[in-house]
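1. What follows is a predicted protein model with its sequence.
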Amino acid sequence: MILPGATLGMLGGGQLGRMFTTAAQTMGYKVIVLDPDTNSPAGIIADQHICAKYDDESTLINLANACDAITTEFENIPATTLAFLESKTVVHPSSSALAKTQNRIVEKEFIASLGIPVAPFLAIRSESDIDVIKDKIQFPAILKLANFGYDGKGQVVCQGPDDVKQAFENLEQAECVLEQRINLEREVSTVLARSQIGDITNFPVAENVHINGILHSTAVPSVITEQQTETVIEMADKIAEGLDYVGTMAVEFFISKEGDILANEIAPRPHNSGHFTLDACETSQFEQQVRMLCNLPSGNCKLASPVVMINILGDVWGNFEPNWIELLSIPNNKLHLYGKLQARVGRKMGHFNVLAPSTEQAMDIAEHSFEQLKAN
Ligand code: ATP
Ligand code: MG
């Protein structure tokens, strides 16, 4: 076990890194954050911020020397960076697990290889791949960049092969997947923690609403059936085992109108849809990340109260600071802001959790409080 007083390294300085840093510092660890941004949410609260690129070898050597263990908050850290650090200190998750989640084609093929259903998809690497798609996929379909996509960026809905050609051109012929658009009944996700000896603890399954491809709200418990809950958890655990994953991770799922459960994406880190755990579970997903990294026993994941989380995007700012007063006047609203200096449309600035006797009540309060934010 790596005990309090030790130094932990975090690759990436975003909000997920910030909440890890808070959890680690609360437990008495020191945290060094590596992020090229001078003003990153995690960098500004860490014990030390190393402002450098993720592939700078002398920086990585210094980081490995200073840290008892290193983890990440961001799947686009080069897998080669993790592999280099692995040769020098404790690193979780592994470079090989991370590599399987960095490219949508590799990721989907890996999930399918475990016998877990995914939305029908085709790899699009050149124009000639588009010439032969007819009859191989149903339209509408979504063309997605295979690398570096997040929050629905780099995704285009296509009605037929001509649209795909145009969209592929617009994406500068970068590697893509073309994925059948699923008739969604609902979207759910689950966060889990897997230890170094392979024990898994699952947080409750969460139900998510996305607006324009960006997570808007998460409600827990979800209204899905016990059978569906079991299936989702089984699939997520199988993915974690297949990756030989160590740490906190999440899997997003689609539930189709036809009742199919399809795995959408793996997040090799805590997940936005797991932020409810900060206030509604005995252990948060970030404390769990610290525990797994340090080889401590996993914390209790039990839900203490129904909860709704709502994301606060930069859209809420407009010309003025949001109206926080109403939101903060409700005692069971828990506000989390990430310390980002600039609000931009679509940028995740913070979130709040609402605890209530039922998710319906929590949702009413949450949506009302959210509306009031814009009342300035
Ligand atoms: P993030 O990493 O932030 O989750 P992303 O850019 O990787 O985002 P996806 O998870 O692929 O994006 O898609 C974002 C959202 O867009 C999904 O949660 C869903 O609401 C919608 N979406 C994506 N693909 C499909 C699909 N095949 N059928 C129906 N809806 C989809
Ligand atoms: Mg997603």
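-> That came through fine. Ligands and ions are numbered 1, 2, ... in the order given.
2. Which residues of this structure lie near ligand 1?
-> 119, 142, 144, 149-153, 179, 181-182, 184, 187, 210, 213, 252, 264-265 (CB under 6 Å from any ligand atom). In short, each C-beta sits where N, CA and C put it, glycine included.
3. if you set the cut-off to 8 Å instead, what comes out?
-> Contact residues (CB under 8 Å from any ligand atom) of the chain with ligand 1: 104, 119, 141-142, 144, 149-155, 179-184, 187, 208, 210, 213-215, 252, 254, 264-265, 267, 272.
4. I only care about those residues that end up buried; give me the PyMOL line for that.
-> Buried residues within those, by 16 or more other CB atoms under 10 Å, are selected in PyMOL with:
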select buried, resi 104+119+141+142+144+149+151+154+155+179+180+182+187+208+210+214+215+252+254+264+265+267+272
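5. Keeping just the C-alphas, turn the helix ranked longest in the chain into PDB.
-> When the chain is parsed with DSSP state H, its longest helix is helix 226-242. Presented in PDB, the C-alpha positions along helix 226-242 are these (Å, rounded to 0.1, in the frame of the first residue of the first chain):
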ATOM      1  CA  GLU A 226     -33.200  -4.900 -12.200                       C
ATOM      2  CA  GLN A 227     -32.500  -7.200 -15.100                       C
ATOM      3  CA  GLN A 228     -31.100  -4.300 -17.200                       C
ATOM      4  CA  THR A 229     -29.100  -3.100 -14.300                       C
ATOM      5  CA  GLU A 230     -27.500  -6.500 -13.900                       C
ATOM      6  CA  THR A 231     -26.700  -6.700 -17.600                       C
ATOM      7  CA  VAL A 232     -25.100  -3.300 -17.600                       C
ATOM      8  CA  ILE A 233     -22.900  -4.100 -14.600                       C
ATOM      9  CA  GLU A 234     -22.000  -7.500 -16.000                       C
ATOM     10  CA  MET A 235     -20.900  -5.900 -19.300                       C
ATOM     11  CA  ALA A 236     -18.900  -3.100 -17.600                       C
ATOM     12  CA  ASP A 237     -17.100  -5.600 -15.300                       C
ATOM     13  CA  LYS A 238     -16.300  -7.800 -18.300                       C
ATOM     14  CA  ILE A 239     -14.700  -4.800 -20.100                       C
ATOM     15  CA  ALA A 240     -12.700  -3.900 -17.000                       C
ATOM     16  CA  GLU A 241     -11.500  -7.500 -16.800                       C
ATOM     17  CA  GLY A 242     -10.700  -7.600 -20.500                       C
END
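6. low-confidence ranges in the stretch 101-250 of the chain?
-> Within the stretch 101-250 of the chain, no stretch has pLDDT under 70.
7. Let me see the ranges of the helices in it.
-> 104-113, 127-131, 161-170, 226-242 (DSSP state H, counting those that start in this stretch).
8. Closest to the centroid, which residue in the chain?
-> His271 (3.1 Å; CA atoms, centre = their mean).
9. tell me the contacts of the nearest residue to that one once chain neighbours are set aside?
-> Once flanking residues are discounted, His271 sits nearest to Ala250: 3.4 Å by CB to CB, 6 or more residues apart in numbering. Contact partners of Ala250, counting by CB atoms under 8 Å, 6 or more residues apart in numbering, are 189-192, 236, 266-267, 269-271, 273-274.
10. is Ala250 in a bridge, and if so with what?
-> Ala250 has these beta-bridge partners by DSSP bridges: Val191, Ala267.
11. Give me the distance between it and Val308.
-> 18 Å (CB to CB, to the nearest Å).
12. and the nearest residue to Arg269 once chain neighbours are set aside, what is it in contact with?
-> In this structure, Arg269 finds its nearest non-sequential neighbour in Glu73, 5.2 Å apart by CB to CB, 6+ apart. Residues in contact with Glu73, defined by CB under 8 Å, 6+ apart, are 10-14, 16-17, 20, 42, 269-270.
13. Going by distance to ligand 2, which of those wins?
-> The nearest member of the contacts of Glu73 to ligand 2, counting by CB to the ion, is Arg269 at 12.8 Å.
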